[in-house]
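# What would the 3D arrangement of this be:
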Amino acid sequence: MHKTLNILIVEDEVLIAEDLKEILFEVGYTNVFRARNYIQAMEAFDSNSIDIVLLDINLNDAKTGIDLGLQINQNLHIPFIYITSYSDAETIASVKQTRPSAFLLKPYNKAHLLASIEIAFFNYSTKINAADNLSADKTNEENENGLIINGQLLVKDGYRYVKVPLKDILWFESDKNYIEINTLEKKYLLRASLKKLQSLLPANQFVKCNKQQIINMTQVDSFNSNSIEIKGQQIAISRTEQLEVLKKLKM
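Next up, the predicted model:
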């Protein structure tokens, strides 16, 4: 099952929290949680797998949004965006210490909010991938289009990201500058090269069959020396990839 990001709104003003939630719902982010203060936010973290936080600075509580931002940065390591009315030098100095993904001033607008969420999570995902998957001779630039975290591929679907479990992907098919991701539920498009994507995928699960296609070996229904069948779809095995593909499939 493909899910949207889990987003936590930490905002003590009900109208603003509702407005943020409505904007998120409009573009398909339906897994939205709310907290009014530091304690409620920590409870939300304990109860849910939060992907990104929209955070007000003034929570009318003993602990501020900056206190929460520091906690997120030091212990939770997920992206968060400040949405606040404060832009004085002292606040900015304190904010920088918590290393937020973005800083939006109220009144915010829909376009800036959605763009900030997309960029924040993209940068975070790329950073995680770089740490986990890149060797010393690879660069972040090579990894910029591969968003794989905890066995899930992050795919842009309209204005939102969705998390597609790698196990649910049937095959990838290259089409010039895009890759078509085929799943049982639907198809998605990813802007990347097949070569870059292949370097990010687990080699014990995915194998390149020809110049245009990478298949999920766990989804193969049958195969012979020339082709593979997945859910009624015949996928050719090229001569150059034949030995490697058959070896992996037999294993």
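# Look at Lys127 and give its secondary structure.
Under the three-state scheme (DSSP: H, G, I helix; E, B strand; the rest coil), Lys127 adopts helix.
# How about Val155?
Applying three-state DSSP: Val155 is strand.
# if I pick it, what's in contact with it?
Listed by CB atoms under 8 Å, 6 or more residues apart in numbering, the contact set of Val155 reads 147, 161-162, 164, 181, 188-190. C-beta coordinates here come from the backbone N, C-alpha and C atoms, glycine included.
# ok, so of the residues you listed, who is nearest Val207?
Using CB to CB, Ile181 comes nearest to Val207 of the contacts of Val155, at 16.0 Å.
# Tell me which strands the host helix or strand of the closest one pairs with, and in which orientation.
Using DSSP states H and E, Ile181 sits in strand 178-183. According to DSSP bridges, strand 178-183 forms sheet pairs with strand 169-175 (antiparallel), strand 187-191 (antiparallel).
# Tell me the buried residues in that strand?
Neighbour counts over strand 178-183 (16 or more other CB atoms under 10 Å) mark 179, 181-183 as buried.
# closest to Gln234 among those residues?
Distances from Gln234 to those, taken as CB to CB, are shortest for Asn182 (13.3 Å).
# what ranges of this structure fall below the confidence cut-off?
Filtered on pLDDT under 70, the chain yields the residue ranges 1, 129-146.
# what about the helices in this structure?
In the chain, the helices defined using DSSP state H lie at 14-26, 38-47, 65-71, 89-98, 110-133, 194-200, 242-250.
# Rebuild those helices as CSV, extending it with mean neighbour count.
Formatted as CSV, the helices of the chain follow (neighbours: other CB atoms under 10 Å):
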stretch, mean neighbour count
helix 14-26, 15
helix 38-47, 16
helix 65-71, 21
helix 89-98, 13
helix 110-133, 17
helix 194-200, 17
helix 242-250, 14
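# Asp168 is nearest to which of the ones you listed?
helix 194-200 (16.0 Å).
# Output that closest one as CSV, nothing but the C-alphas.
Extracted in CSV, the C-alpha atoms of helix 194-200 (Å, rounded to 0.1, in the frame of the first residue of the first chain):
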residue,chain,number,x,y,z
LEU,A,194,18.3,3.9,-15.1
LYS,A,195,22.0,3.8,-14.3
LYS,A,196,21.6,6.1,-11.3
LEU,A,197,18.6,4.2,-10.0
GLN,A,198,20.3,0.9,-10.4
SER,A,199,23.1,2.0,-8.1
LEU,A,200,20.6,2.8,-5.3
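# What is it packed up against?
Using 3 or more CB pairs under 8 Å, 6 or more residues apart in numbering; DSSP states H and E, the elements in contact with helix 194-200 are helix 110-133, strand 169-175, strand 206-208, strand 213-216.
# so what's Gln71 up against?
Gln71 touches 38, 42, counting by CB under 8 Å, 6+ apart.
# Please parse this protein into its domains.
Domain assignment for the chain by automatic domain parsing gives 3-126, 166-250.
# Distance to Leu153 for these - can I get that in CSV?
Listed next are the domains of the chain as CSV, based on distance: least, CB to CB, whole Å:
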stretch, distance to Leu153
domain 3-126, 10
domain 166-250, 6
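# And those domains: which comes nearest Leu154?
domain 3-126 (5.4 Å).
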